[in-house]
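>>> Need coordinates for the below:
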Amino acid sequence: MQNKTVIARRTATAMLAVAAWTASPAHAESTSESLTRIEAETMVLKAREKQLEVQASIVTKQNEIAARQSVTAALNQPEVVGDPVVRAIEGIGSRMYATLQLSDGSLVDVQQGDTLPGGMKIVAVHPREVLASSKGRQFRLGTYAPALTGFNPNFPGPGVSPVARGAAR
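Numbers count the residues shown, from 1 in each chain. Below is the predicted model:
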């Protein structure tokens, strides 16, 4: 009986050893596959994170460019509001002409006695001024102030944020 017990124990031990030996590679393979899958997912997530960072950087740069372009456009547009402004005065003696820029941006040449759209009448054109009248009141037309020739981000106009002017961060 003792012999049978020893044989049974040895058989059970051998069976356990075979089961452990055959189960270990399967378990190890499963762990290996799991680690490989986790590493692949991690790489995909890191690539996606980098892609989102690049997209955010592009959007930020586009916003900075748009802000600079709008500031540049605002600086380069002539400020013509309301009354016409004098762009040039030409002529000799009593035959003086003035080139005016109207509020819609169009240019018109006038002389004394001309009437502008809107009912404004040119009273006089002198070498340094143009007098006009509207609704019974007489006034001198302002002269055109040329816009800045270029945009210098180091000297922005008032109200421009440091990001819009390209200041160091």
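
>>> What distance do you get for Y97 to T36?
Y97 is 86 Å from T36, where distance means CB to CB, to the nearest Å. From N, CA and C alone the C-beta is placed, and that goes for glycine too.

>>> K121 now?
88 Å.

>>> what's the answer for R137, then?
R137 is 88 Å from T36, by CB to CB.

>>> neighbour count winner among those two?
T36 (10 against 7; other CB atoms under 10 Å).

>>> where's the more buried one, which helix or strand?
helix 2-76 (DSSP states H and E).

>>> avg pLDDT for that helix?
In this model, helix 2-76 has a mean pLDDT of 77.

>>> Next: stretch 116-131.
For stretch 116-131, mean pLDDT is 90.

>>> That one: which residues count as buried?
Within stretch 116-131, the residues that qualify as buried are L116, M120, I122, A124, V125, V130, counting by 16 or more other CB atoms under 10 Å.

>>> Just the closest of the residues you listed to Y144, please.
Lowest distance from Y144 to those (CB to CB) belongs to V130, with 11.3 Å.

>>> Break the protein down into its structural domains.
For the chain, the structural domains run 32-76, 85-141, going by the TED database.

>>> Packed most tightly, which of those domains would that be?
With neighbours taken as mean count of other CB atoms under 10 Å, those reach their highest mean count in domain 85-141, at a mean of 14.

>>> what about that domain, start to end distance?
End-to-end distance for domain 85-141: 6 Å, by CA to CA, to the nearest Å.
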